[in-house]
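Undergrad: Need a 3D model of the following:
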Amino acid sequence: MAADLRIRLDDLQDPRIAAFLEEHLTDMRRVSPPESVHALDLNGLRQPDIRFWTGWVDGPTGEALVATAALKRLGDGHAELKSMRTAGSLRGQGIAGRMLAHVIAQARALGHARLSLETGSQPFFAPAHALYEKHGFEACGPFGTYIDDPNSRFMTRML
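TA: Predicted structure coming up:
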């Protein structure tokens, strides 16, 4: 499945993206307290300091959206990974790894020296933690406008 993945810079106009991101927000609200949900909605992603990518594969009914990832410019060579999501039914097939590698390469190409992220600390996020560690991310403290939060885990890596 990951071998057939087509990643493209997206303008967030396709209605399938809205539905996909709503599933993401629903999951985040289900496992994290409201004050600890930092996932962005469509309007939050439609900002000039954010680049958004979608991952697509051919499915039985045509092209299917299977993954998303975004890169938010923070300044001073620092960027944040946002909106990493793989369709639940396709997790464990290498799609997230391909998306993450793409965003890391794009961040490097855009001149960023450091890439950081915030994710949940609950057991639900264990596969994400493992993925990020596999790709060279290490624990760090809050960055940007984040504050210390027991429901958040902050990670970073140099590019």
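
Undergrad: so where do the helices sit in the protein?
TA: 15-31, 42-45, 95-109, 126-134 (DSSP state H).

Undergrad: any chance of those in CSV, plus distance to A69 and mean neighbour count?
TA: From N, CA and C alone the C-beta is placed, and that goes for glycine too. Formatted as CSV, the helices of the chain follow (distance: least, C-beta to C-beta, whole Å; neighbours: other C-beta atoms under 10 Å):
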stretch, distance to A69, mean neighbour count
helix 15-31, 11, 14
helix 42-45, 11, 14
helix 95-109, 5, 18
helix 126-134, 12, 15
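
Undergrad: Nearest to T54, out of those?
TA: Judged by C-beta to C-beta, the one of the helices of the chain that comes nearest to T54 is helix 15-31, at 6.5 Å.

Undergrad: mind showing which ranges of the protein have poor pLDDT?
TA: Applying pLDDT under 70 to the chain flags the ranges 1-3, 24, 27-31, 33-34, 36.

Undergrad: All good on my end, thank you.
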